[in-house]
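A.B. asks: one predicted model, sequence on top.
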Amino acid sequence: MPNLRAGLIGLGMMGRHHARVIRELDGVDLVAVADSFGDPHGVADGLTVCNGVDDLIAQGIDLAVVAVPTNLHEAVAVQLAEAGIHCLVEKPIAGDSEAGRRIASAFESRGLIGAVGHIERFNPSLQSLRARLEAGDLGDVYQISTRRQGPFPARIADVGVVKDLATHDIDLTAWLAQKNYVDVVAHTTSRSGREHEDMVTAIGHLSGGVVTNHIVNWLSPMKERTAIVLGERGAFIADTISADLTFVENGTFQTEWESMAAFRGVSEGSSIRFALAKREPLKMEHEAFRDAVLGKSMNIVTMAEGLETLRVAEAVLESARTGNVVRL
């Protein structure tokens, strides 16, 4: 069977990583790249840099990766769908949920594979955590907390921290719990003088009563990417920077220390740090997209899921604006 012919539109910070990974992918050839601003990172490597979507489509591609700014996702993705080309669109799926709905519909109505690049799902620590939750290792899940903070990334100009960063946490939380958000309440601020918010604290509920909270900002001098799932038997702690997963179990020993014994809660038990195979999440994301196009599996983040994540992000912004709890 001949290799799938891949095109890439958007050769910026994420585009260069997509180009590298596509070139390493079995069964896929990168045959066309496009960016109206040229090729600042030199990723074309002998390919002609097309000026736009029309030129990219003319190269006879089977699938495409869309890594243009968020506000251009709809125009680019819908045109690719109309040409019958399967797409992996960087997250968030679109700048707003109306545009996201039109994108998702364009692919669904034509029976095409449409995926959204919520890469955290492919992080080894979160993949292992999801499997352990599914196997019942934690018992009932009570709370999922995430922290995602660090310095401002120069690559982002068209959306704030909620749509750019918090969408990672919204997606991974719903995916880990396998439940949807039912409400959110949030506060945002903008301290850096930019147009969009650069800090958010959000609290929510998932169906079934799981409590969530997310601390996300672009204002921290230290980079942190942590997800903690607290439940009946203890807590899992995933660090997605190092791809480490740790389990701290609830203790089973009776305490003889009087002041501690008065607190009738859990006690600290043993701690286990799991040894995980650490493959690059972007490569795993591309493999899942390729396999979906080939009809082998559907482990992608679907456009319907990407749209639901964007709807929650919009609810977070609405809550911050109005001061109300927003129900989904």
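C.D. replies: All right, it came through fine.
A.B. asks: distance of the residue most central in space within the chain from Asp171?
C.D. replies: For the chain, the residue nearest the mean C-alpha position is His118 (2.6 Å; Cα atoms, centre = their mean). Per Cβ to Cβ, to the nearest Å, His118 is found 4 Å from Asp171. Just so you know, the C-beta spots here come from the backbone N, C-alpha and C atoms, and that holds for glycine as well.
A.B. asks: okay, and the common contacts of these two?
C.D. replies: 91, 301, 305-306, 309 (Cβ atoms under 8 Å, 6 or more residues apart in numbering).
A.B. asks: how long is stretch 116-133 from one end to the other?
C.D. replies: Stretch 116-133 has its terminal residues 24 Å apart, counting by Cα to Cα, to the nearest Å.
A.B. asks: residues of it that come out buried?
C.D. replies: 116-130, 132-133 (16 or more other Cβ atoms under 10 Å).
A.B. asks: ok now that stretch, how far from the chain's centre?
C.D. replies: 9 Å (Cα atoms, centre = their mean, to the nearest Å).
A.B. asks: what average pLDDT does it get?
C.D. replies: On average, the pLDDT along stretch 116-133 is 98.
A.B. asks: okay, now the unreliable bits of this structure?
C.D. replies: 155-157, 252-267 (pLDDT under 70).
A.B. asks: what segments of the stretch 1-150 of the chain are strands?
C.D. replies: 4-9, 28-34, 49-50, 63-66, 86-90, 114-117, 141-149 (DSSP state E, counting those that start in this stretch).
A.B. asks: can I get those strands in TSV including distance to Glu287?
C.D. replies: Converted to TSV, those look like this (distance: least, Cβ to Cβ, whole Å):
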stretch	distance to Glu287
strand 4-9	12
strand 28-34	9
strand 49-50	25
strand 63-66	13
strand 86-90	11
strand 114-117	12
strand 141-149	25
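A.B. asks: identify, out of those, the most deeply packed stretch.
C.D. replies: Most buried of the strands of the stretch 1-150 of the chain, by mean neighbour count (mean count of other Cβ atoms under 10 Å): strand 114-117, with a mean of 28.
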